[in-house]
Structures are given as C-alpha cells and as structure tokens.
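S.K.: below are the sequence and a predicted model; questions follow.
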Amino acid sequence: MKVTCLALLVVSAVLSGIVRAEVTFEIIDVGYATDISDDASVVVGNTEGLYEPFRWTAEGGIEILAEGGGSGSPDVSADGTQVSASIPGADGTYWTQGRWTLGAGWEETMPPPPPDGNPMSDSYGSAWGLSDDGSTVVGLYWRAGQPGGSAHGSTWTRETGAVGLGSSGGNSRANDANEDGTVIAGWDESDFGHWQPTVWVDGVKTILAEDEAFCEATAVLRDGSVVLGQALDDSTNLRVAARWIWNGTSWDEDLLGALPGLHPNFGMALCYDATEDGSVIVGYNRFSNPGDATGFIWTEETGVMDVEDYLTDNGVIVPSDINIVSLQAITPDGSTMVGICYDIYPPYTARWFFINTQSTGIEESPAQVTSRVHAYPNPTRGETTLSLSIPRSGRVDLAVYDISGRLVKKLVTGSVEAGQQEVYWDGRDASGIEVTSGIYFCRLTTEDTRETRKITVLR
C-alpha cells in the first residue's frame with residue numbers, strides 16, 4: 001500500500017518558526033525504517049516478520065541485504081553506500097555484526113570477537129550503529145561464562161578489528177558513533193542493573209547520568225559535541241528526552257522533556273536523531289506501553305511536540321487507519337524525516353513513512369503558542385484521559401465526535417484557567433452508552449485556536 005497525503009495549504013512551519021514550508025506525509029512501504037542517508041535517497045531498516053535488514057532506494061525499492069533477521073538496528077552511512085546490521089554468519093551456523101558496502105557486499109566484524117568474547121546462543125554480537133563515514137560499526141559482543149556482564153559494548157574498524165569498550169562491572173552497549181567513530185554513545189549498567197547513558201571518547205568512558213533508571217544515550221551528532229538520549233527528571237521521576245553538550249571540559253545535561261501523560265514507570269521519551277546543527281530533534285514518546293506511543297519533534301521554540309500536531313498545524317491530514325508511533329531519523333538539513341506507524345486494525349501491519357518539508361522562502365513572525373490536546377492511552381479500550389495545555393484563561397469547549405462528524409459527547413463547556421488541565425472520558429456517549437470500536441476525534445476550541453486529536457477505540 002502506498003498512501004500520499006499532501007498539505008493543502010502553505011502554512012507556518014513549526015520547525016523554523018520564521019519561514020513558511022510546504023509539508024507532505026507519505027507512507028512508503030511495510031517494515032521498520034531505522035535510518036536515512038543525508039540526501040534521503042537511501043533508507044535502511046528491518047522487514048516485518050522475519051526482521052531482515054533492508055536497503056531502500058526510490059529507483060529500486062526494498063532490497064533485502066541478508067536472509068534471516070537478528071537483534072540490533074540497521075544504520076546507514078551519510079552517503080548511503082554502507083550499512084551496518086546484525087546478520088547470519090557465512091556458514092549459517094552463527095550470528096554476528098556486519099558491514100555491507102555497495103558493490104562489495106558483506107564483511108563480518110566478528111569473529112574474532114574481542115579477547116574476552118565468547119559466543120552466546122550461537123551469536124557473537126549485534127550491530128546497533130555506524131559512523132557517518134561508514135568506517136566504524138558499534139554494538140555489543142557476547143561474553144558467555146565471563147564475569148562482569150554477559151555483553152559489553154564494542155567498536156570495529158577494518159584496521160583495529162573488534163574492540164571491547166568495557167563496562168562498570170555489568171553489561172554495556174554502544175548505540176551510535178560520530179562521523180569518524182571517535183565519539184560513541186550508548187549505555188552502561190549500574191550496580192543495581194539499571195542502564196545509564198554513557199559516552200566513550202577515544203575509548204575513555206563517561207557516565208552522563210548516574211540515575212537509577214533504564215536510560216541510554218542513543219545518538220551523537222557528526223562533530224561529536226552533542227549526545228542525544230534520555231535521562232531521569234528527578235523533579236517528576238519521569239524518563240524524558242535529553243541531550244548532553246560538550247563545554248570543553250565536561251558534558252552539560254539538558255532535559256528536553258516529554259509529552260503530557262507519561263506513566264511514571266512505563267512511560268518515556270527518547271531522542272533518536274537530530275539535524276546537523278542540533279536545532280531539530282526527533283524521537284519516540286511512549287505514554288505507557290509500546291502500542292501507546294507517538295513520534296515527537298523538538299525545537300527550542302516549541303519544546304517536545306507531537307508529530308501529529310505538527311502535521312495538523314501544517315495542513316496535513318493523517319490517515320485515520322494508522323497510528324504513528326515514532327520518528328526514527330532526520331536528514332542533516334531537516335528537510336526529510338522517516339518514521340514508523342501501525343495499522344490500527346488487525347493484523348496491525350508496521351509501515352514506514354516520509355515527512356518532507358520544503359521552504360517557500362516567505363518569512364513571517366514566529367508561530368504563536370497555541371492550545372494543545374493529547375489523549376492517553378491512545379489507542380484505548382474505552383477510557384482515556386485528555387491532557388489540555390491552555391496558554392491563557394478563557395472559554396474552552398472540549399467535545400468528542402465520531403468519524404462522520406456527529407457529536408458523541410461534550411466534555412467541557414465554560415471558562416478554564418490557563419495551564420495544564422486533565423479531563424477524563426469514560427468512552428461513553430451523552431446517553432451513557434459505550435461507544436463502539438473505531439476512530440473518534442476530540443476537538444478543543446478556545447478563543448485563540450481549534451485543535452483536534454484522533455482517538456482510536458479498540459473494544
């Protein structure tokens with residue numbers, strides 16, 4: 001299936017705040033896209049089902065690079081000619097990391113593993129990232145029977161072979177590398193078994209946040225000066241999107257936040273990628289469980305913003321039969337994003353999509369702060385909480401409509417104070433009858449704006 005939704009209006013682009021842009025949303029194919037080349041001509045990821053690594057181009061479509069799938073996350077070099085992934089070994093008796101090169105095919109990064117490595121369940125290790133120049137593969141290797149963790153982060157180049165990054169006594173993993181592989185982002189296990197965001201610079205490890213929570217560093221910008229990931233916000237006890245900026249002597253932590261409605265134990269926000277200058281960050285916001293998630297876009301002007309709100313603001317109507325769950329990658333200039341969505345009906349097929357932004361060059365004043373509405377959980381079995389962000393006190397109308405536009409139930413009518421508000425909907429209509437499975441729309445109307453949020457009810 002290929003669906004294209006074009007913006008009908010040229011409107012203010014949230015990404016820049018000062019220029020207008022035309023925004024398009026296009027579902028490309030089935031599967032899980034994980035990375036994109038600089039010019040957006042190449043996308044890599046895993047197929048649905050067998051989870052095999054693929055490379056996509058507009059001319060050739062999807063090319064399966066290895067038969068059989070493993071753990072890890074395929075990554076692509078800046079020019080699109082090299083791919084890292086977890087692959088079956090040459091004789092089919094083991095799994096390992098590998099680097100694929102256009103015109104040359106695969107080369108295995110193990111065996112041999114680092115000196116303390118031992119295969120586990122017929123696997124030497126898995127690949128989680130690739131440097132922008134394609135020279136360095138990072139991930140983990142297995143240490144079966146060794147003390148101090150069964151898996152350690154690893155880095156590989158053709159010159160050095162597989163090198164272990166060590167740990168603090170438990171497990172560790174490397175997730176991404178900068179342009180030349182000198183700065184590596186990942187996680188290291190604490191004494192209590194929690195993941196802690198970690199960076200290795202020329203092999204020297206620094207724990208970025210010593211919180212007792214499952215957090216990680218997921219990406220590093222090309223010049224190595226900014227690391228992205230997530231950290232624990234002590235004031236809320238929530239795992240939120242975060243970045244660390246090198247100040248010349250140490251790493252400064254900057255908590256970017258999350259969308260309203262995170263469950264304190266199961267919710268989280270996680271950065272996946274950013275533009276070359278770091279001004280736009282994309283990622284994943286999980287409210288409670290993996291199915292209750294959405295992609296986010298962050299800028300200094302907007303903070304963490306739901307990707308569906310971004311699309312709505314730019315005149316794009318998201319298909320009603322899908323649920324966007326993540327934004328995985330963005331090109332260095334911010335013109336193209338790639339993400340993952342699911343069909344809301346069985347068999348809940350995974351698909352990946354492009355969001356393209358094209359500047360019109362028409363300058364205007366920065367976008368004004370508007371009201372926001374968010375529903376969680378979403379999809380829901382019926383009951384859901386609506387989180388409202390009201391910029392100023394005044395009259396507010398909040399109501400639920402079905403897919404044909406008929407009013408289902410009024411939830412709020414009257415004056416509301418500015419700030420964050422929460423409204424509960426029990427999944428029933430005005431007569432007290434449970435609504436049936438399907439698509440519904442929650443519409444928030446204030447004196448300044450109107451916002452609409454899709455709610456999926458699954459009975």
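M.R.: All right, it came through fine.

S.K.: quick one: the host helix or strand of G129 to chain centroid distance?
M.R.: Under the criterion of DSSP states H and E, G129 resides in strand 125-130. Taking CA atoms, centre = their mean, to the nearest Å, one finds the center of strand 125-130 at 17 Å from the center of the full chain.

S.K.: what is the mean pLDDT for the helix or strand that comes right after it?
M.R.: The helix or strand immediately downstream of strand 125-130 is strand 137-142, counting by DSSP H and E. Averaged across strand 137-142, the pLDDT comes to 98.

S.K.: packing partners of strand 137-142?
M.R.: When contacts are defined as 3 or more CB pairs under 8 Å, 6 or more residues apart in numbering; DSSP states H and E, strand 137-142 sits against strand 82-88, strand 95-101, strand 125-130, strand 151-157, strand 172-177. Yep, even glycine has a C-beta here, placed from its N, CA and C like the rest.

S.K.: the last one pairs with which strands?
M.R.: Pairing partners of strand 172-177, with direction, according to DSSP bridges: strand 183-189 (antiparallel).

S.K.: relative to strand 137-142, how tilted is the partner strand?
M.R.: Counting by axes from the mean of the first three to the mean of the last three CA atoms, to 10 degrees, strand 183-189 points 30 degrees away from the direction of strand 137-142.

S.K.: related to what we said a few turns ago, please identify which of the helices and strands packed on strand 137-142 is closest to P197.
M.R.: strand 172-177 (9.7 Å; CB to CB).

S.K.: where in the stretch 301-450 of the chain is pLDDT low?
M.R.: Across the stretch 301-450 of the chain, residues meeting the criterion (pLDDT under 70) sit at 359-371, 404.

S.K.: residue boundaries of the helices in it?
M.R.: 307-313 (DSSP state H, counting those that start in this stretch).

S.K.: strands of that one, start to end?
M.R.: In the stretch 301-450 of the chain, strands defined by DSSP state E, counting those that start in this stretch lie at 303-306, 322-330, 336-343, 350-363, 372-376, 384-390, 394-402, 407-416, 419-425, 438-446, 450-457, listed in chain order.

S.K.: circling back to that earlier point, tell me the strands beside the strand holding G129, with direction?
M.R.: strand 137-142 (antiparallel).

S.K.: how far out from the middle of the chain is the strand it pairs with?
M.R.: 21 Å.

S.K.: now the angle between strand 95-101 and that strand, please.
M.R.: Going by the same axes, to 10 degrees, strand 137-142 makes 170 degrees with strand 95-101.

S.K.: how many residues are close by Y348?
M.R.: Using other CB atoms under 10 Å, Y348 has 11 neighbouring residues.

S.K.: wait, what's in contact with it?
M.R.: Y342 (CB atoms under 8 Å, 6 or more residues apart in numbering).

S.K.: start to end distance for stretch 307-326?
M.R.: The first and final residues of stretch 307-326 sit 9 Å from each other (CA to CA, to the nearest Å).
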